[in-house]
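Engineer: 3D model of this:
(2 chains)
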Amino acid sequence: MTEQSGEAIVPEGRTREQVILPWGIAIRITLRGLKIRLGRSLITMSGVVLGIAFLMSVLTGEGLKSGLADENRTKTEVTRLMKLVEEEVGTFKEHTLSVIVSGKLDSAQKERLFARIADRADAGSIRVFYTQAESLTASESSLPTQFSGPSYTHVTSLEELFRDSHLLLLPHEVFPPVAAAELSRWLETMRQPVVLDYFHGRYDADELTALNSQTVYSSLTTELSEEEKAKVLKRKAQERARQIWITVVSMLVTLIGIANAMLMSVTERIREIGTMKCLGALSGFVVKLFLIESFLIGVLGSVIGTVLGFVVPFIAYMLSTGVVMLFESTPFVHLFGCGVQSVLSGTVLSIVAAIYPATVAARMVPADALRTNV
Amino acid sequence: MSMPTGATLSNKDARDFLYFDEQTAARRVVVHAQGVKKVYQMGKIEVHALRGIDLSVYAGEYLAIMGPSGSGKSTFFNMIGGLDKPSAGKVFIDEVDIAQLDAFELAWLRCRKIGYIFQSFNLIPVMTCLENVMLPMTFAGVPSEEAFERSGEILKAVGLGHRLTHKPSQMSGGQQQRIAVARALANRPAIVLADEPTANLDVRTGEEIIELLVGLTEEMGVTVISATHDMKMLDKCDRVVWIRDGRCDRIEDRANIDIQVGDVSNVH
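Structural biologist: Numbers count the residues shown, from 1 in each chain, chains lettered A, B, ... in the order given. Below is the predicted model of the structure:
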């Protein structure tokens, strides 16, 4: 008889500290397992890649489409605005325009409009008065960068701004309030008093005309009727609903694809799990090993899937709409956000889809796990 | 216990005689099954796999559990090995009711005190045979240097010292079972449970495995419990338990049974 006979089978106390699987060893075991079962692991990963690529391509497609649609809308709007302006002024040649600027231009439309106007105007024929103050008394010493082309002239007094000018453009919504009466006084010094207001209803056209019968007042933005507003809202709601539907369906497809792949990769190893339990592995060990494996497969698969899901629609759109247009209209920031979300959801999904069966298998009594015939 | 009759008293007989007669009082019960029952629920039907079995296994002995297919032999085997839970009754390993153990303690038990050998080897296919033997040591918290060395030694002892870095799939059934034996003995357990270890092997290889197992475990004083059909395994054991219809049919000492194995010879 050896020393075994006297020793109790299950000692007290020290059990817990001895039975741990260090992360280092777990990672090593997992990496080696992945390397050796490379083919199988790649197949599992391709399930993740496809699922995420699909999701990302849907999101990218939606993003590119709406980006292009926005771009078209902007272009159409700017053309319309140019027409309005030219209606009032005729051509820009030999005409002087005055602009009162109180800050950055707050929309792509406005920037484009001014760019177009600047293109067609004579050198120096657009006078810009720039103020940050509450009233029109103080002028800033230099112009914002959008107004720094050869067509623009910086003026620092209202007298200079209005004298012999043909058109006053007011591009901002928030604007130092100028009483109609005061404005009218300055308008009288203009050669052709036309006021183009970007926002409807800032001044009462009748009020202005009453003060100065020569003044033509016009607003660039059109006011939609209630009916038209309702239509726009409905269309937007429909568009939104459609987008949500598409996103939900594609997420379901992704979910099923990934869950299937990970479930398979765990289930076919239930016997191994049972064996490990016979060797003394705790449920936690087994789950840890599968956690690391599914994390690695999930992250790598999601990253590859996201890149694929972005590049493929991008190239497809590029072939049909041209590179420049595409780069201008692509909402890169939004798509980057979508990409990050895809990677995160792919990883989380992979982990959850693998951990659940792994936990079930690890909790099984070894006899049942070993009986499995996968 | 009567003295075995026969012309010559072999060493084994002498040892058995001494063991049973002079040291009976000192025999320690390592595994004790008390009224063990197991019922499986198959839809609406209840299958009574075990109908109440009592058995004591003594330290250091080699016990064989025999029984026809469907008798509950494997089920009972799983019960006393801590691989499954009985529906009723208790199993004591070294006077500790294993149903009272929590997951940690059960894992500890399986890791350090019990070694398992299976009919279908159950080796981890992605690991080399050295790593397969190192695995239970890793779970036991043995530092990897020591685990590496000890695994090498054990594998040499089973005759596989020259194939340490090969994977199970590259080896024959007999060699795989040797790895399994090495793995079962890796943490110097008190009990080895062998579930039909020679069933997937041919006659010669099976014999080798039995020799190996018995040889190593006698050295280490390990209790061996095996569920088997193999007559050659019976030959080496100390006691045989027959299970039939979920009950313990009879228990015999090896000395009291006569084993006859058929052989193939020509008619003329």
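Engineer: Enumerate the residues of the stretch 251-374 of chain A near chain B.
Structural biologist: A:271-272, A:274-283, A:285, A:365-368, A:370 (Cβ under 8 Å from any Cβ of the partner chain). Heads up, the C-betas are built off the backbone N, CA and C, glycines and all.
Engineer: For whichever residue of the stretch 101-250 of chain A sits closest to chain B, list the residues it contacts.
Structural biologist: At 34.8 Å from chain B, residue A:250 is the closest residue in the stretch 101-250 of chain A, using Cβ to the nearest Cβ. When contacts are counted by Cβ atoms under 8 Å, 6 or more residues apart in numbering or on different chains, residue A:250 touches A:54-55, A:58-59.
Engineer: and what of residue A:251?
Structural biologist: Counting by Cβ under 8 Å, 6+ apart, residue A:251 makes contact with A:55, A:345.
Engineer: So it versus residue A:342, what's the distance?
Structural biologist: 10 Å (Cβ to Cβ, to the nearest Å).
Engineer: show me where the stretch 201-350 of chain A has strands.
Structural biologist: Secondary structure of the stretch 201-350 of chain A by DSSP state E, counting those that start in this stretch: the strands cover A:216-219.
Engineer: hang on, the earlier thing: can you lay out the contacts of residue A:250 as JSON lines showing neighbour count, secondary structure and pLDDT?
Structural biologist: Output for these, formatted as JSON lines (neighbours: other Cβ atoms under 10 Å in any protein chain shown; DSSP: H, G, I helix; E, B strand; the rest coil; pLDDT from 0 to 100):
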{"residue": "A:54", "neighbour count": "19", "secondary structure": "helix", "pLDDT": "91"}
{"residue": "A:55", "neighbour count": "28", "secondary structure": "helix", "pLDDT": "90"}
{"residue": "A:58", "neighbour count": "22", "secondary structure": "helix", "pLDDT": "89"}
{"residue": "A:59", "neighbour count": "26", "secondary structure": "helix", "pLDDT": "89"}
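Engineer: Show me which pair in those residues is furthest apart.
Structural biologist: Greatest spacing in these, by Cβ to Cβ: A:54 and A:59 (9.8 Å).
Engineer: I figured residue B:29 was touching residue B:60, is that so?
Structural biologist: No. Using Cβ atoms under 8 Å as the test, residue B:29 is too far from residue B:60 to be in contact (11.4 Å).
Engineer: Who has more neighbours out of the two?
Structural biologist: residue B:60 (23 against 14; other Cβ atoms under 10 Å in any protein chain shown).
Engineer: Next one, pLDDT for the closest residue to the more buried one other than its chain neighbours please.
Structural biologist: Excluding the flanking residues, the one nearest residue B:60 by Cβ to Cβ, 6 or more residues apart in numbering or on different chains is residue B:221, at 5.2 Å. pLDDT, residue B:221: 86.
Engineer: OK, now which residue of the stretch 201-350 of chain A is nearest to chain B?
Structural biologist: For the stretch 201-350 of chain A, Cβ to the nearest Cβ, closest residue to chain B: residue A:280, 2.2 Å.
Engineer: Next, the contact list for whatever residue of the stretch 51-200 of chain B ends up closest to chain A, please.
Structural biologist: Closest approach between the stretch 51-200 of chain B and chain A, counting by Cβ to the nearest Cβ: residue B:111, at 2.2 Å. Contacts for residue B:111 (Cβ under 8 Å, 6+ apart) come out as A:19, A:279-281, B:136, B:139-140, B:187.
Engineer: can we see that at 6 Å?
Structural biologist: By Cβ atoms under 6 Å, 6 or more residues apart in numbering or on different chains, residue B:111 lies in contact with A:280, B:136, B:139-140.
Engineer: what secondary structure does residue B:53 sit in?
Structural biologist: Here residue B:53 is strand, with the state taken from DSSP: H, G, I helix; E, B strand; the rest coil.
Engineer: ok, now how distant is it from residue B:94?
Structural biologist: In terms of Cβ to Cβ, residue B:53 sits 19 Å off from residue B:94.
Engineer: same question, residue B:154
Structural biologist: Per Cβ to Cβ, residue B:154 is found 24 Å from residue B:94.
Engineer: Look up which helix or strand the residue nearest to residue A:325 when sequence neighbours are not counted falls in, please.
Structural biologist: Nearest non-adjacent residue to residue A:325, counting by Cβ to Cβ, 6+ apart: residue A:71, 7.0 Å away. Using DSSP states H and E, residue A:71 falls within helix A:38-89.
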